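[1] sequence plus predicted model, see below.
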Amino acid sequence: MSQATTISHQPSSWFIFKEITKFRLSISVLFSSVAGFFLGADVIHFEVLALLMLGGYCMVGASNVFNQIIERDLDALMERTKSRPLPAGQMSVNRALLLGLFLTSIGLIALYWINPKTAMFGAVSIFLYVSVYTPLKTKTPLSVFVGAFPGAIPFMLGWVAATGSFGIEPGTLFMIQFFWQFPHFWAIGWFLDEDYKRAGFQMLPTGKPDKGTALQIVLYSIWTALTALIPVAHKTGTLYITLYSGALVAVLGVWLIWAALRLYRRRTAQAAKKLMLVSVAYLTLIQIIFIIDKFFIQ
């Protein structure tokens, strides 16, 4: 009876895989890559899109696996992460390491099959995330700045996968998502500040949820909104949007800045959580607007 009960409560292999690769996060990152692919492609080659989706998920998933291996003892200290597969004893470190290496291999092969530049950017992303960003999280708030580089690569990666080249167009996509990282992750760092401190993570620019941090969040929100409007000027090569779409992107930018100002005024965990949700919606919506503009308005 007790044995049957114990067995029934064992998580499935699929559940463990989703947790160790951070399935929802990986899918959201993959969405950025797919959006960049549609923006860069003149003709949609579905075999290339399939390889991008496979390689993109494997690379992001591998980054998350290696991150959880490195931080397994720290994850056990935080309420938010103590039930992850490694601190919960649902997966051994050796198995996780094998999974991470397997995903990395499959990811690099799939991306290289598309073109070498896509594989190179994928490799740079996983290296920066695992070898630089992750160790810095307990040492300096500048880790968020470092982490913004691999975090901004997916949007750009899709364009490179579609075109095989890097230029001002994917560079612009990179900058949009680069500036976006700061209000998004500082908002998370704000409402999870106490939990992060249990593990010694330094995620906020001033080290605490104060007026200085809130001001920087507002500034980066403004820069994010302005960067997303650059394609309206038709100065970014073949990446551009019409004035109609630019107006919608501007409205979304005001929404993001408003949420940041709300946090600046109130400085509460609830306002930070609201900003985090707004930032996710903002990035998703502007990517959709860019795609609709290219295929249905221009």
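    Arrived safely, thanks for sending.
[2] show me which residues of the helix or strand where Leu157 lies are buried.
    Taking DSSP states H and E as the definition, Leu157 sits inside helix 143-163. Going by neighbour count (16 or more other Cβ atoms under 10 Å), the buried part of helix 143-163 is 143-144, 146-163. C-beta coordinates here come from the backbone N, C-alpha and C atoms, glycine included.
[3] quick one: low-confidence ranges for the chain?
    1-9 (pLDDT under 70).
[4] let's go with 50 and repeat that
    1-8 (pLDDT under 50).
[5] residue ranges of each domain in it, please.
    The chain breaks down by automatic domain parsing into domains covering 12-166, 167-298.
[6] which one is Gly253 nearest to, not counting chain neighbours?
    Ala225 (2.8 Å; Cβ to Cβ, 6 or more residues apart in numbering).
[7] that neighbour is in contact with Ala260, isn't it?
    No. In this structure, Ala225 is not within contact of Ala260 by Cβ atoms under 8 Å, at 9.6 Å.
[8] name the element Ala187 belongs to?
    Per DSSP H and E: helix 168-191 holds Ala187.
[9] who are the packing partners of that helix?
    When contacts are defined as 3 or more Cβ pairs under 8 Å, 6 or more residues apart in numbering; DSSP states H and E, helix 168-191 packs onto helix 23-40, helix 143-163, helix 211-227, helix 243-266, helix 269-292.
[10] out of those helices, deepest packed?
    helix 143-163 (a mean of 24; mean count of other Cβ atoms under 10 Å).
[11] centre of the chain to that helix, how far?
    Taking Cα atoms, centre = their mean, to the nearest Å, the mean C-alpha location of helix 143-163 is offset from the chain mean by 9 Å.
[12] swap in stretch 84-94?
    Distance, centroid of stretch 84-94 to centroid of chain: 23 Å (Cα atoms, centre = their mean).
[13] what's the end-to-end length of that stretch?
    Using Cα to Cα, to the nearest Å, the end-to-end distance of stretch 84-94 comes out at 16 Å.
[14] what's it in contact with?
    11, 16, 19-20, 68-69, 72-73, 75-76, 81-82, 96 (Cβ atoms under 8 Å, 6 or more residues apart in numbering).
[15] buried stuff in that stretch?
    Buried, per 16+ other Cβ under 10 Å, within stretch 84-94: Arg84, Pro85, Leu86, Pro87, Ala88, Gln90, Met91.
[16] thank you, goodbye.
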